[in-house]
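Visitor: Quick one, what's the 3D model for this:
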Amino acid sequence: MPVTFASARRRRTAHLLAQGLLILTLVAGLNYLATSHAWRYDLSRHARHSLSAETRSYLADLGSPVTVVVTFTPDAEEDHLNQAYRDVRSLLRDYVQASAASPHGPIRVEFIDVFRNRAAAQRYGVDEPNRIFVISETRVREIKLQDIYRIRGGEKEAFTGEQAFTSAILDVTRAARQKIYFILGHGEMDPGDTSPDRGLSLLAGELQLRNFDVQVLDLPTLRVIPPDASVLVIAGTQGRFSPLEQELLRRYLTTQAGRLLLLLNPGMPHGLDYLLDDWGVLADDVLVIDPSPEGRADTGDLIAYPAESTHPVISFLFDNRIALRFGPSRVVRPDPGRSLDPGLSVVSLVGASPHAWGERSYRERGRPTRDATDLLPPPRLSLGTASERQPPRGALPFSVRGGRLLVFGDADWIANQRLAAGGNAMLALSSINWLADRDTQLTIAPRPIERFQLSLTSAQLGRLRLTLLLALPAATALLGLLVYWNRRR
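Guide: Numbering: from 1, shown residues only. The predicted model follows:
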């Protein structure tokens with residue numbers, strides 16, 4: 001049968017159809033293999049797209065189902081929020097994949113636009129954008145934006161999202177919630193009180209949102225500290241603790257490696273001098289006076305400043321120069337005459353401005369004046385001090401858990417009317433987190449943020465523009481002409 005142009009055209013069309021069918025079959029097969037039998041290899045520097053072995057071990061055996069609700073959106077007006085959306089989305093994709101083999105199934109992730117998807121937002125009780133919640137059954141933990149980045153001088157230094165998410169997941173999947181007891185019985189501030197000047201209801205709500213169980217403890221009546229107490233809080237006592245109560249607190253800190261947040265107002269006797277002496281802390285009976293503009297706000301509040309320290313309670317506030325708003329305060333500082341205990345670490349966390357002094361005769365009438373009898377700053381007066389006792393390791397390959405004590409010279413800064421001022425809420429929550437070991441229980445390294453900058457002169461930029469606009473299209477056109485010429489031959 002002679003070959004005609006029509007038969008050749010039909011044969012070529014059949015070949016093209018067969019080639020197209022084979023290509024489609026190949027693509028479909030590759031997609032099936034990629035979906036059913038996927039492998040991932042992280043070749044990036046610092047393995048920035050892989051979860052740590054510690055996180056993967058936790059996710060393989062989750063105690064209960066976990067849902068992560070994110071209200072970040074990719075079309076925010078601020079660039080740093082768009083970057084946070086991309087970083088969180090990429091990280092949570094790894095969490096979902098790593099938890100696929102868990103007995104409770106993979107972690108569920110929901111990105112919700114609270115303005116466009118009101119039904120989903122109401123289902124989770126979320127009404128604000130740019131928030132993250134980790135939920136398991138009835139337990140909820142919020143992750144703040146500052147929790148997923150280490151920020152220094154206004155610049156993002158490292159991505160700490162894996163630390164924050166793993167800590168939150170472990171927290172909400174625990175069978176028992178950590179208990180915080182507010183001690184009452186000496187005129188202390190009450191977590192159930194909603195008054196602006198002496199109430200702590202706002203702080204209690206923030207702690208409950210972070211999956212803490214907030215309780216009150218009438219120590220003079222019960223005369224025992226519950227064994228399940230993760231943290232004790234004494235806020236603004238107005239009466240003395242008895243010797244028996246002081247001894248109970250001393251034993252709790254020493255023998256049970258307890259954790260105590262102590263907030264002492266000036267002029268109020270507390271009866272805890274021996275306890276403070278054990279932990280190398282000195283609470284001077286003075287009133288901090290600071291008439292300078294940098295030390296006194298328009299409202300009359302005392303402006304306090306985070307100390308230059310890498311301590312986890314204060315490091316974020318110091319790195320970002322966030323001031324605090326205190327009420328009338330006394331000086332709380334490391335005791336210069338404390339015994340040389342190698343296992344005791346005492347660090348000043350918060351200080352007044354260099355113009356402040358500690359007025360010893362503040363009970364006398366008249367305008368206070370600075371004189372030689374007062375406590376003078378060398379160079380700043382300390383308003384808050386952290387003390388930690390870490391037993392020596394000896395022959396053990398690890399450190400034994402020791403007690404922790406945080407003392408501030410004012411309690412009014414955590415009251416309802418001041419909690420939202422400055423960095424007060426951040427300081428209160430970071431103090432509780434440090435005392436409860438929430439910031440120190442993970443050894444996951446943060447991921448460094450790498451920045452790349454391309455520097456071009458105006459001449460180089462012009463050549464690049466010509467190359468993109470002319471050279472590349474010209475090269476494509478030339479290649480097309482060569483193919484056409486070759487087919488014509």
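Visitor: Longest helix in this protein, please.
Guide: For the chain, the helix that runs over the most residues, judged by DSSP state H, is helix 5-36.
Visitor: C-terminal to that helix, which secondary structure element comes first?
Guide: As assigned by DSSP states H and E, the chain's next helix or strand after helix 5-36 is helix 53-59.
Visitor: May I have the strands that pair with the following helix or strand past that following helix, each with its orientation?
Guide: Moving toward the C-terminus from helix 53-59, the next helix or strand (DSSP H and E) is strand 67-70. Applying DSSP bridges, strand 67-70 is found paired with strand 108-111 (parallel), strand 132-136 (antiparallel).
Visitor: Which of those sits closest to A352?
Guide: Taking CB to CB, strand 132-136 is the member of the strands paired with strand 67-70 nearest to A352, at 35.2 Å. C-beta: built from backbone N, CA, C; applies to glycine.
Visitor: The helix or strand following that closest one pairs with which strands?
Guide: Beyond strand 132-136 in the direction of the C-terminus, DSSP H and E gives the next helix or strand as strand 139-143. In the sheet, strand 139-143 lines up against strand 132-136 (antiparallel) (DSSP bridges).
Visitor: Show the contacting residues for H104.
Guide: Under the criterion of CB atoms under 8 Å, 6 or more residues apart in numbering, the neighbours of H104 are L62, G63, S64, P65, V66.
Visitor: does the last one really touch V172, like I thought?
Guide: Yes: A contact is recorded between V66 and V172 when judged using CB atoms under 8 Å, the distance being 6.8 Å.
Visitor: center of this structure, which residue is that?
Guide: Geometric centre of the chain, nearest residue: D147, 2.9 Å, by CA atoms, centre = their mean.
Visitor: Dihedrals phi and psi, it?
Guide: With angles defined as degrees, to the nearest 10, D147 shows backbone torsions of phi -80, psi -20.
Visitor: which ones are touching it?
Guide: Contacts for D147 (CB under 8 Å, 6+ apart) come out as T160, A164.
Visitor: where in the stretch 151-300 of the chain is pLDDT low?
Guide: Across the stretch 151-300 of the chain, no stretch falls below the confidence threshold (pLDDT under 70).
Visitor: Could you do the stretch 301-450 of the chain as well?
Guide: Counting by pLDDT under 70, the low-confidence segments of the stretch 301-450 of the chain come to 391-400, 439-445, 449-450.
Visitor: one more time with 90
Guide: Residues of the stretch 301-450 of the chain that meet the criterion pLDDT under 90 lie in 308-312, 315-322, 336-343, 361-380, 389-402, 422-423, 426, 429-430, 433, 436-450.
Visitor: Which stretches in it count as strands?
Guide: Under the criterion DSSP state E, counting those that start in this stretch, the stretch 301-450 of the chain contains strands at 302-306, 324-326, 332-334, 344-351, 357-359, 382-389, 404-408, 447-448.
Visitor: so R259 touches R401, yeah?
Guide: No: under the criterion of CB under 8 Å, R259 is not in contact with R401, lying 10.1 Å apart.
Visitor: Neighbour count for these two, which is higher?
Guide: When R259 is set against R401 and neighbours are counted by other CB atoms under 10 Å, the residue ahead is R259, at 24 against 12.
Visitor: Could you measure from that one over to P328?
Guide: 26 Å (CB to CB, to the nearest Å).
Visitor: L17 now?
Guide: Between L17 and P328 the distance, using CB to CB, works out to 88 Å.
Visitor: Look at those two and report which has more neighbours.
Guide: Counting neighbours by other CB under 10 Å for L17 and for P328 shows that P328 has the greater number, 18 against 10.
Visitor: Apart from its neighbours in sequence, what residue is nearest the more buried one?
Guide: Once flanking residues are discounted, P328 sits nearest to P266: 5.6 Å by CB to CB, 6 or more residues apart in numbering.
Visitor: how about that neighbour, what does it touch?
Guide: With contact set as CB under 8 Å, 6+ apart, P266 has these partners: D285, V286, L287, V288, P328, S329, R330, Y362, G409, D410.
Visitor: can we see that at 6 Å?
Guide: Neighbouring residues of P266 by CB atoms under 6 Å, 6 or more residues apart in numbering: L287, P328, R330.
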